[in-house]
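# kindly return the folded structure for what I paste below:
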Amino acid sequence: MVESVAYSVQVKKASHFAIITALSLIIVKGVAWWQTGSVSMLASITDSMLDLLASFMNMLILRFALMPADHNHSFGHGKAESLASLVQSAFISGSAIFLLLQGIHRFNSPQALSNTLLGMAVTVFSILATGLLVWYQGRVIKATESPAIKADRLHYQTDLLMNFTILLSLGLSAYGILWADAVFAILISLYILWNAAKMLFDSTQLLLDQMLPPEEIEQIHAVLNQEIAQDSRMLGFHALRTRRSGAIRFIQFHLELADELSFIEAHDITEHLERCLCKTFPRSDIVIHPEPTFIVQQEMQLDKKVI
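Numbers count the residues shown, from 1 in each chain. Model prediction:
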């Protein structure tokens, strides 16, 4: 319960921080674009506006995702975080397409920029503000592994790259290289589209109950094999199934036990294994189905007959 509250607090703080940062950057970049006329800066403003809208929707969806399980949603509402990632990918794609079209138009009709020093100063401020947000989100992700915050952080990481390229394009434009602004805008848009596609794929896989990452599966095997080696009453395990919903990992498997064990002994063993797994994966829902060895053997024989 304490871990769930801590998770909720950290995720909400990260979401609020993202909204405040996006709103601040929109105001500052708006002044810079008005003064410079840079298409890269215009694209950055548009992206920040989409950031604000996406982060706001992210916050609303997270409020739903963090609600505890109820009668109608016995597994909780964690999948709403993956839905938030899907929404983020849609906004990111929209911003990238807009940027691509603007970049192509400016490449065909290059224009000299004005007041580039102001634009560069604002871009440096944007880099610092966005970098601080990305750093904080990284800390939250390390503590919570929230899919929604991961998606939001990826969004702002692309913004960070965008700001660096805008700074470079403004610098080159100041020396009369007018095509730099448009070329960098096109390159940024293509990079953002790639990241949006990756985010869309990852979010869809989570919604389809993709198994946990291979390294986590290896950790589960290591914990179970270690405990089985230390207790002769446990003979093995099979039918391991895993998935993730928001912050919660779902782990279930069949545990092979000696035939002579009582129901109470089997219960104590499964409770011990559950505690061991929870030490490695604190926010987990674990289901262990104990099976006597002779039942396992019968099932294997039936499977062979079916084949």
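# okay, domains of this structure per the record?
2-207, 214-306 (automatic domain parsing).
# the ones you listed: lowest mean pLDDT?
Lowest mean pLDDT within the domains of the chain: domain 2-207, a mean of 78.
# quick check: the closest residue to residue 210 other than its chain neighbours vs residue 98, distance?
Nearest non-adjacent residue to residue 210, counting by CB to CB, 6 or more residues apart in numbering: residue 243, 6.9 Å away. C-beta here means a position set from N, CA and C on the backbone, and glycine is covered the same way. For residue 243, the distance to residue 98 (CB to CB, to the nearest Å) stands at 36 Å.
# cool, residue 118 as well?
23 Å.
# returning to what we had before: give me the neighbour count for the residue nearest to residue 210.
Look at residue 243: counted by other CB atoms under 10 Å, it has 18 neighbours.
# looking at the domains of the chain, which is buried most?
Mean neighbours per residue, mean count of other CB atoms under 10 Å, is largest over those for domain 2-207, with a mean of 19.
# distance from that one to the middle of the chain?
Computed by CA atoms, centre = their mean, to the nearest Å, the chain-centroid distance of domain 2-207 equals 13 Å.
# next up, the contacts around residue 92.
Taking CB atoms under 8 Å, 6 or more residues apart in numbering, we find residue 92 in contact with 50, 54, 155, 158, 192, 195, 196, 199.
# ranges for the strands of the stretch 51-200 of the chain?
Along the stretch 51-200 of the chain, counting by DSSP state E, counting those that start in this stretch, no stretch forms strands.
# strands paired with the lengthiest strand in the chain, and their directions?
Longest strand of the chain, by residue count under DSSP state E: strand 234-245. Strand 234-245 pairs in its sheet with strand 248-257 (antiparallel), by DSSP bridges.
# following element in sequence after the partner strand, please.
helix 263-280 (DSSP states H and E).
# what angle do that next one and strand 248-257 make?
Helix 263-280 and strand 248-257 are oriented at 140 degrees to each other (axes from the mean of the first three to the mean of the last three CA atoms, to 10 degrees).
# which ones are touching the nearest residue to residue 171 once chain neighbours are set aside?
Among residues not flanking residue 171 along the chain, residue 120 sits closest, at 6.7 Å (CB to CB, 6+ apart). By CB under 8 Å, 6+ apart, the residues touching residue 120 are 167, 170, 171.
# can you tell me how far residue 120 is from residue 50?
On the measure of CB to CB, residue 120 and residue 50 end up 23 Å apart.
# again with residue 244
27 Å.
# what about the helices in the stretch 1-150 of the chain?
Ranges of helices in the stretch 1-150 of the chain, per DSSP state H, counting those that start in this stretch, are 2-36, 39-65, 79-108, 116-144, 147-174.
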